[in-house]
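# A structural model of the following input is requested.
(chains A and B)
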Protein chains: 2
Amino acid sequence: MSNSIIGYCAAFLTTTAFIPQAIHSWRTKDLSSISLSMYLLFTLGVALWVWYGYVNESWPVVVANAITLVISTSILYLKIRIDFFKI
Amino acid sequence: MSNSIIGYCAAFLTTTAFIPQAIHSWRTKDLSSISLSMYLLFTLGVALWVWYGYVNESWPVVVANAITLVISTSILYLKIRIDFFKI
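Numbering: from 1, shown residues only, chains lettered A, B, ... in the order given. You can find the predicted model right below:
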């Protein structure tokens, strides 16, 4: 398998992995066993990856992480809303 | 901020983010709101990142993803054990 294909498969999987979690969380509104700290650190980290891709003009890094950023932010938003505002 | 520092901060955050989730999951043994599909896809994706780093001799990619792989595998193992074997 060529190096690029391994990289694209890896990026595809680690990006799309968060879609079933977001669907599950938004459907059930149950995030009790999800760690708030994880999504705070992860979302901040992914935002830095977008920035890193931007300053290096590495558009695959920007695109993959921008998608992950939207999804992980939606999970983080729901977690904060439910844990702190009970809505 | 230099490009490398942004990258190292991003890698540090997206790698260590899974530590509080693993601690939370192993302490509470509650993974009800964690998506099995997410951890299946994510763990496979991170394993491919390790492979990608190895074939490209990019050791920071190997090290960061190997750490994430250990942590996400431990969460996936616990999720499968509890959901399918009730132990």
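
# mean confidence for the longest helix seen in chain A?
Ranked by residue count, the top helix of chain A under DSSP state H comes out as helix A:59-85. Averaging pLDDT along helix A:59-85 yields 95.

# got it, and stretch A:30-50?
Across stretch A:30-50, the average pLDDT comes to 96.

# about what we covered before: what are the buried residues along the longest helix of chain A?
Across helix A:59-85, burial judged by 16 or more other C-beta atoms under 10 Å in any protein chain shown covers A:61-62, A:64-69, A:71-72, A:74-76, A:78-79, A:82. All C-beta atoms are positioned from the backbone trio N, CA, C, and that covers glycine.

# what helices and strands are in contact with it?
Helix A:59-85 sits against helix A:3-16, helix A:18-28, helix A:36-55, with contacts defined as 3 or more C-beta pairs under 8 Å, 6 or more residues apart in numbering or on different chains; DSSP states H and E.

# taking helix A:18-28 as reference, get the angle to that helix.
Between helix A:59-85 and helix A:18-28, the angle comes out at 20 degrees (axes from the mean of the first three to the mean of the last three C-alpha atoms, to 10 degrees).

# how far does helix A:59-85 sit from the chain's center?
Remark: helix A:59-85 is offset 5 Å from the chain centroid, using C-alpha atoms, centre = their mean, to the nearest Å.

# hmm, back to that, any idea which of the helices and strands packed on helix A:59-85 is most buried?
Each of the helices and strands packed on helix A:59-85 was scored by mean neighbour count; the highest is helix A:36-55, a mean of 20, by mean count of other C-beta atoms under 10 Å in any protein chain shown.

# elements contacting it?
helix A:59-85, helix B:3-16, helix B:18-28.

# with distance to A:Phe42 added, can I get those in CSV?
Shown next, in CSV, are the helices and strands packed on helix A:36-55 (distance: least, C-beta to C-beta, whole Å):
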stretch, distance to A:Phe42
helix A:59-85, 6
helix B:3-16, 6
helix B:18-28, 8
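
# between those helices, which one is nearest to B:Met38?
The closest of those to B:Met38 is helix A:59-85. By C-beta to C-beta, the value is 9.9 Å.

# mind listing what A:Leu69 touches?
Neighbouring residues of A:Leu69 by C-beta atoms under 8 Å, 6 or more residues apart in numbering or on different chains: A:43, A:46-47, A:50.

# could you check how far it is from B:Ala64?
18 Å (C-beta to C-beta, to the nearest Å).

# one more: A:Lys86?
From A:Lys86 to B:Ala64 the distance is 37 Å (C-beta to C-beta).

# again, but for A:Asp30
Going from A:Asp30 to B:Ala64 by C-beta to C-beta gives 31 Å.

# for A:Pro60, list the residues it contacts.
With contact taken as C-beta under 8 Å, 6+ apart, A:Pro60 is in contact with A:11, A:53.

# if anything else comes up later, I'll come back, but that's it for now.
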